[in-house]
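Peer 1: kindly return the folded structure for what I paste below:
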Amino acid sequence: MKIVMTGGNGRVGRELQNWGIEPLLCDVTKPEQVYDSVSSAKADIIVHLAAISDVDFCENKENERKVIDTNLIGTNTVAEVAGGYGAKVVMLSSDHVFDGKWGWLRGYREDSTPNPVNFYGYSKLAAEALTEKFPDFKIIRTSYLFNRERLKGKELQSQPTFIHRSFMYLPHFASRLWQYLESFDMMPTITHIAGSKSVSWYKFMSEFEDVSPRDVEPDYTFSPRPHYAGLKTKYKFFPPVSYEQGITEMLAS
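Peer 2: Numbers count the residues shown, from 1 in each chain. This next block holds a predicted model:
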């Protein structure tokens, strides 16, 4: 089985290269490049990672066209071209397809009703709808994927206590994604792969850094985000893993 991916230069893509998943050298907004790369790859499965995921960038009205071209139309192009060559596609989506109002109560499962609060979430939800159009197109939703590299940047600033995510160590996600790909045909249309616990940004960061919380109202000075975006799963395909296990492994590496 040959597996390739779009968006191979991103954080997740760089991790997946360690698992032997080859990047497609194409811009998904340019159909001719997608056709050329997919036709030459002769892949069985394409992991579709290419997307604009910066929530603040997506929320800027001036960037909406670019976000649509990449996250929706680009995804449609990849799925369409892949289907023409007999390749299956799994797209990485996000807990941002939910509004975060009830996540504190029970978490969001695969059958929970999406209701995005930002343009990024809407763009990913629109792309998810392509499962109705392409029979071999599936979705993996995840939450915040971390590794040492990602936690060196702005995320080390003081964090709001009211935003909760299902944090997951990136190598843990990659190993479960690999198991998913090995059983692709058995997988449901939508699967959640995320950390087993949903905690606030402050709780997550305080596990290994001296940070102070910003316990402020929802008008916090950035674009709208789901406040309790924790993901659960109704399936038992993979053993659960917590963010604490990920932090332990990250600090030991």
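
Peer 1: neighbouring contacts of stretch 19-30?
Peer 2: If you take CB atoms under 8 Å, 6 or more residues apart in numbering as the criterion, stretch 19-30 is touched by 2-9, 13, 17, 33-34, 36-38, 41, 46-47, 50, 69-70, 73-75, 77-78, 174, 178. Backbone N, C-alpha and C define where each C-beta goes, glycine included.

Peer 1: swap in 7 Å and give it another go.
Peer 2: 3-6, 8-9, 13, 17, 33-34, 37-38, 41, 47, 50, 69-70, 74, 77-78, 174, 178 (CB atoms under 7 Å, 6 or more residues apart in numbering).

Peer 1: same thing with stretch 165-179?
Peer 2: Against stretch 165-179 from outside (CB under 7 Å, 6+ apart): 12, 15-16, 19, 95, 140, 142-147, 193-195, 198-199, 204, 229-231, 238, 241, 243, 246, 249-250.

Peer 1: burial count for the residue nearest to residue 28 when sequence neighbours are not counted?
Peer 2: With CB to CB, 6 or more residues apart in numbering as the measure, residue 74 is the residue that lies nearest to residue 28, at 3.3 Å, once sequence neighbours are left out. For residue 74, the neighbour count with other CB atoms under 10 Å is 25.

Peer 1: which stretches of the stretch 151-253 of the chain form strands?
Peer 2: Secondary structure of the stretch 151-253 of the chain, counting by DSSP state E, counting those that start in this stretch: strands at 159-160, 164-165, 168-169, 190-192, 199-200, 213-214.

Peer 1: could the ones you listed be laid out in JSON lines, adding distance to residue 126, mean neighbour count and mean pLDDT?
Peer 2: Shown next, in JSON lines, are these (distance: least, CB to CB, whole Å; neighbours: other CB atoms under 10 Å; pLDDT from 0 to 100):
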{"stretch": "strand 159-160", "distance to residue 126": "27", "mean neighbour count": "20", "mean pLDDT": "70"}
{"stretch": "strand 164-165", "distance to residue 126": "22", "mean neighbour count": "28", "mean pLDDT": "92"}
{"stretch": "strand 168-169", "distance to residue 126": "24", "mean neighbour count": "24", "mean pLDDT": "98"}
{"stretch": "strand 190-192", "distance to residue 126": "14", "mean neighbour count": "21", "mean pLDDT": "98"}
{"stretch": "strand 199-200", "distance to residue 126": "29", "mean neighbour count": "20", "mean pLDDT": "90"}
{"stretch": "strand 213-214", "distance to residue 126": "32", "mean neighbour count": "16", "mean pLDDT": "68"}
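
Peer 1: out of those, nearest to residue 89?
Peer 2: strand 190-192 (13.5 Å; CB to CB).

Peer 1: for residue 91, helix, strand, or coil?
Peer 2: strand (DSSP: H, G, I helix; E, B strand; the rest coil).

Peer 1: tell me, how many residues neighbour it?
Peer 2: 25.

Peer 1: any low-confidence regions in the stretch 1-150 of the chain?
Peer 2: By pLDDT under 70, the weakly predicted segments of the stretch 1-150 of the chain are 103-105.

Peer 1: so which strand or helix has the residue nearest to residue 28?
Peer 2: Using DSSP states H and E, residue 74 falls within helix 74-84.

Peer 1: got the phi and psi for the nearest residue to residue 174 once chain neighbours are set aside?
Peer 2: Leaving aside its sequence neighbours, residue 174 sits nearest to residue 15 (CB to CB, 6+ apart; 4.9 Å). Backbone torsions of residue 15, given as degrees, to the nearest 10, read phi -70, psi -40.

Peer 1: equivalent analysis for residue 145, please.
Peer 2: According to degrees, to the nearest 10, residue 145 has phi -100, psi 120.
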